[in-house]
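Asker: Predicted coordinates and the sequence they were generated for:
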Amino acid sequence: MLKINLRKAAGLIASIGVFASLSTSVVAEEIVARMSGHWGPTHQSAIHAQMFADEVTKRSEGRLRIEFYPSKQLFGIREVMGAITSGAVELGGVVGVVSFPSINKNFNVASYPGLFNSYDQQRAFFQESEMGKSIWDEVTTKTNTKLIMYNPVGPVMTFSSKRELTGVDAMKGLKARRLLKSEEPMWDALGANRVSLPTGEVYTALQTGMIDTINSPPGSIESYSWWENLKFAQKPYQYFADAYIMANQSWFDSLPADLQELVIEVGQEIGNVSTNTILDAGESTLTKFVARGGIVTELSGDEKAKFDKLMIEKVMPAMAHLFDADALDAAEAFVAN
């Protein structure tokens, strides 16, 4: 009888052990989060988004697995912010100048030509100044989102398939892709013809001649293969196009505290890598562009003066309706200090 009880006890203990093991497995079962990106997998922003996802998964030891879906597999550049807000995805890559102005028009100061001279300066305005913080806070509050990581797409310049971009006059009559409303005054002042096109249609439009000119960070012409149909480029850089990994705030708040800390920590680390490498990556793309036969012109002297005058006298006044005057005044005062 005693032996039978011992056997039963041993079996019970074994069962408890298995149950405990299963319970631990359930408790430690990974949380799976999806992250949407519109960038192609070779784009620098996609590379760093993948690095972020991999590092969080690795450091959490399987408790939080982030799955990154590039190339608009889930949502496109204009849909992703709404998808994060609704919870359709937990995280996503968002380009600020594309997604934020419809929430607070004063974010358009980010694409004001020549206003900010670096990513650090632009970010500091939105995170440290009274006006900038009010803009940023309204964006995140209205969308129920949280900034996880800076993931810039690169400073924006002009590329064309039509002719060498030697100055202001060379822009007249070009068929320019319009991505942002804030781009309209510049194309109009330059005498170019605007054509609104989503990112996914740019390659074919360049190939068929529907458009012949675009504003873009250098990295995008490589990752989307646009450079196959482009021959000329012009500096100066017009503005610093920043992007972000944003999370649904409710989802983020639902994570255990240590995982919240981990996500923020990894976001800061990979965000620093992304920011520190994006300018060099862009210059590397331009070097390869030239090696492919492309011509890059950096305006200087009289042509640069002519370009600056056009910006000041025509483009900037035409952009005035895109933001409140006090927002621009605050941004200009911030960068002047």
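Answerer: Alright, I've got the coordinates. Quantities reported herein were computed from a predicted structural model and do not represent experimental measurements.
Asker: and the chain, what are its domains?
Answerer: Domain assignment for the chain by automatic domain parsing gives 30-154+242-282, 156-240+292-332.
Asker: In TSV, list those domains along with mean pLDDT and mean neighbour count.
Answerer: All C-beta spots, glycine's among them, are computed from the backbone N, C-alpha and C. Shown next, in TSV, are these (pLDDT from 0 to 100; neighbours: other C-beta atoms under 10 Å):
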stretch	mean pLDDT	mean neighbour count
domain 30-154+242-282	97	19
domain 156-240+292-332	95	18
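Asker: what's the first-to-last distance across stretch 57-69?
Answerer: Using C-alpha to C-alpha, to the nearest Å, the end-to-end distance of stretch 57-69 comes to 15 Å.
Asker: ok, and residue 67, which helix or strand is that part of?
Answerer: Assigned by DSSP states H and E, residue 67 belongs to strand 64-69.
Asker: Strands of the protein, residue ranges please.
Answerer: 31-36, 64-69, 91-95, 145-150, 154-155, 157-160, 175-178, 193-196, 213-216, 232-235, 240-241, 243-248, 295-298 (DSSP state E).
Asker: okay if I get the ones you listed as TSV plus distance to residue 331?
Answerer: Shown next, in TSV, are the strands of the chain (distance: least, C-beta to C-beta, whole Å):
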stretch	distance to residue 331
strand 31-36	30
strand 64-69	33
strand 91-95	19
strand 145-150	18
strand 154-155	17
strand 157-160	21
strand 175-178	23
strand 193-196	26
strand 213-216	20
strand 232-235	23
strand 240-241	13
strand 243-248	19
strand 295-298	26
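Asker: Which one, of the ones you listed, ends up nearest to residue 273?
Answerer: Closest to residue 273 of the strands of the chain is strand 145-150 (C-beta to C-beta; 10.0 Å).
Asker: other SSEs contacting that closest one?
Answerer: helix 44-59, helix 80-86, helix 130-143, strand 243-248, helix 249-254, helix 257-291 (3 or more C-beta pairs under 8 Å, 6 or more residues apart in numbering; DSSP states H and E).
Asker: could I have the second one exported to PDB, CA atoms only?
Answerer: The reference is to helix 80-86. Taking C-alpha atoms only, helix 80-86 is exported to PDB below (Å, rounded to 0.1, in the frame of the first residue of the first chain):
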ATOM      1  CA  VAL A  80       0.500  53.700 -41.200                       C
ATOM      2  CA  MET A  81      -0.200  56.400 -38.700                       C
ATOM      3  CA  GLY A  82      -3.900  55.600 -38.700                       C
ATOM      4  CA  ALA A  83      -3.000  51.900 -38.400                       C
ATOM      5  CA  ILE A  84      -0.900  52.500 -35.300                       C
ATOM      6  CA  THR A  85      -3.600  54.700 -33.700                       C
ATOM      7  CA  SER A  86      -6.300  52.100 -34.300                       C
END
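Asker: which helices and strands does that helix pack with?
Answerer: strand 31-36, strand 91-95, helix 130-143, strand 145-150, strand 243-248.
Asker: does residue 248 really touch residue 140, like I thought?
Answerer: No - the criterion here is C-beta atoms under 8 Å, and residue 248 misses it with residue 140 at 11.0 Å.
Asker: Now list whatever residues contact both of those two.
Answerer: residue 146 (C-beta atoms under 8 Å, 6 or more residues apart in numbering).
Asker: could the helices and strands packed on helix 80-86 go into a markdown table alongside distance to residue 167?
Answerer: Putting the helices and strands packed on helix 80-86 into a markdown table (distance: least, C-beta to C-beta, whole Å) gives the following:
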| stretch | distance to residue 167 |
| --- | --- |
| strand 31-36 | 40 |
| strand 91-95 | 29 |
| helix 130-143 | 34 |
| strand 145-150 | 34 |
| strand 243-248 | 30 |
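Asker: looking at those, which is closest to residue 269?
Answerer: strand 145-150 (8.9 Å).
Asker: That'll do, ta.
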